[in-house]
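S.K.: coords please:
(one chain, ligands or ions: 1)
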Amino acid sequence: MAIIISGTNVAKARKERLKEEISLSSKLYNRSPKLAVILVGNDVGSLSYVKGKAKAASEVGILIDTYHYEKSITEEEIVKKIDELNNDSTVDGILVQLPLPKHIRTDVVIELISPKKDVDGFHPRNVASLYLKQEGILPCTPKGVIALLDSENIEIDGKRAVVVGRSNIVGMPMAKMLLDRNATVTICHSHTKNLQDVTKNADILIAALGKAKFIKENMVKDGAVVIDVGANRDPETNKLCGDVDFVNVSNKCSYITKVPGGVGPMTICCLLENTYIAYLNNNRRK
Ligand code: GUN
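M.R.: Here you go, the predicted structure:
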């Protein structure tokens, strides 16, 4: 049976450290960090994510202003709000919860956020910073995955890492971050032929494709490290489940993460850390 890397525990320890740092800095700068969250519509998943982020933020001493709009809001109104938040020096981070309704152009909205306040790391400036190894804000989920590997001192340097999934939010930045840690990285996707032949070679396997229990034991090398980024509804039980068939894969690999309690809490933790970094930079610029 593999060792389970608990995102819940790693995030808890990091949040306790962050809370202490925020407490000290808030005295130094005479104010707490503030994150503005824009939420459009009533998508159940988005409402639940925002609630989770707000709770975690308040636990570490980050103020949250949530702007919750009807689904019918226009792009212009969102643009106006972002403009206002960009110019408000007491706002350190801005997060627009995705997905947005179809009539609002996501890329237009994201590009409008000041890169310095883009705590999701989605702005093209921050994306470029990652690829050019310049200073910028890193996207939360892949940053959280690296933190999970580091929490167990899992060697990345020289290892064969396979990322299944090529999204802008997870797969692509994940691959780049593993590359920057000197892994030999392969990215797989829906057109990959003989996927199993590729995943079976992975020392570190990152599942980020968004298909419930897709990664089976015959796709995993003995002793591999398996990180599950999936957040799906199990079609049988309707409960939250990952991209990895945990019960069977955990008998074969050396380390594994669970869903829930794995990558999810780390994503939120890294969002809080990014907000704190933005806050420090904001204060140091003054
Ligand atoms: N929707 C699903 N995941 C995310 C995320 O990490 N950030 C934002 N802003 N929206 C999301």
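
S.K.: how close does the most centrally placed residue in the chain get to the ligand?
M.R.: Centroid-nearest residue in the chain, with CA atoms, centre = their mean: T141, separated by 2.0 Å. Computed as CB to the nearest ligand atom, to the nearest Å, the T141 to the ligand distance reads 6 Å. For the C-beta atoms, the positions are set from N, CA and C on the backbone; glycine is no exception.

S.K.: that residue touches P265, doesn't it?
M.R.: No. Counting by CB atoms under 8 Å, T141 stays clear of P265, with 11.2 Å between them.

S.K.: ok, which stretches of the chain are strands?
M.R.: With DSSP state E as the criterion, the chain has strands at 3-5, 34-40, 63-69, 93-96, 160-164, 184-188, 204-207, 225-228, 232-233, 240-241, 255-257.

S.K.: can you lay out the ones you listed as a markdown table showing mean neighbour count?
M.R.: Putting these into a markdown table (neighbours: other CB atoms under 10 Å) gives the following:
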| stretch | mean neighbour count |
| --- | --- |
| strand 3-5 | 17 |
| strand 34-40 | 22 |
| strand 63-69 | 16 |
| strand 93-96 | 27 |
| strand 160-164 | 26 |
| strand 184-188 | 19 |
| strand 204-207 | 28 |
| strand 225-228 | 28 |
| strand 232-233 | 14 |
| strand 240-241 | 18 |
| strand 255-257 | 24 |
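
S.K.: the ones you listed: which one's closest to the ligand?
M.R.: Proximity to the ligand (CB to the nearest ligand atom) singles out strand 93-96 among the strands of the chain, at 5.1 Å.

S.K.: can you get me a residue count around the residue in the stretch 51-200 of the chain that the ligand sits nearest to?
M.R.: The nearest approach of the stretch 51-200 of the chain to the ligand comes at L98, 3.7 Å away (CB to the nearest ligand atom). Residues near L98, counting by other CB atoms under 10 Å, number 15.

S.K.: what's it sitting at in phi/psi?
M.R.: Phi and psi for L98, reported as degrees, to the nearest 10, are phi -110, psi 150.

S.K.: what's near enough to touch the closest residue to it other than its chain neighbours?
M.R.: Sequence neighbours aside, T106 is the residue nearest to L98 in space, at 6.5 Å (criterion: CB to CB, 6 or more residues apart in numbering). T106 makes contact with 98-100, according to CB atoms under 8 Å, 6 or more residues apart in numbering.

S.K.: so how far is K159 from T106?
M.R.: T106 is 34 Å from K159, where distance means CB to CB, to the nearest Å.

S.K.: what about the nearest residue to F246 once chain neighbours are set aside, how many neighbours?
M.R.: Once flanking residues are discounted, F246 sits nearest to K258: 6.3 Å by CB to CB, 6+ apart. For K258, the count of nearby residues is 19 (other CB under 10 Å).

S.K.: K258 and G230 touch, don't they?
M.R.: No. Between K258 and G230 there is no contact under CB under 8 Å: 11.0 Å.

S.K.: which neighbours do the two share?
M.R.: What both K258 and G230 touch, as defined by CB under 8 Å, 6+ apart, is the set G242.

S.K.: my guess is Y279 contacts S25, does it?
M.R.: Yes. The criterion here is CB under 8 Å, and Y279 meets it with S25 at 7.3 Å.
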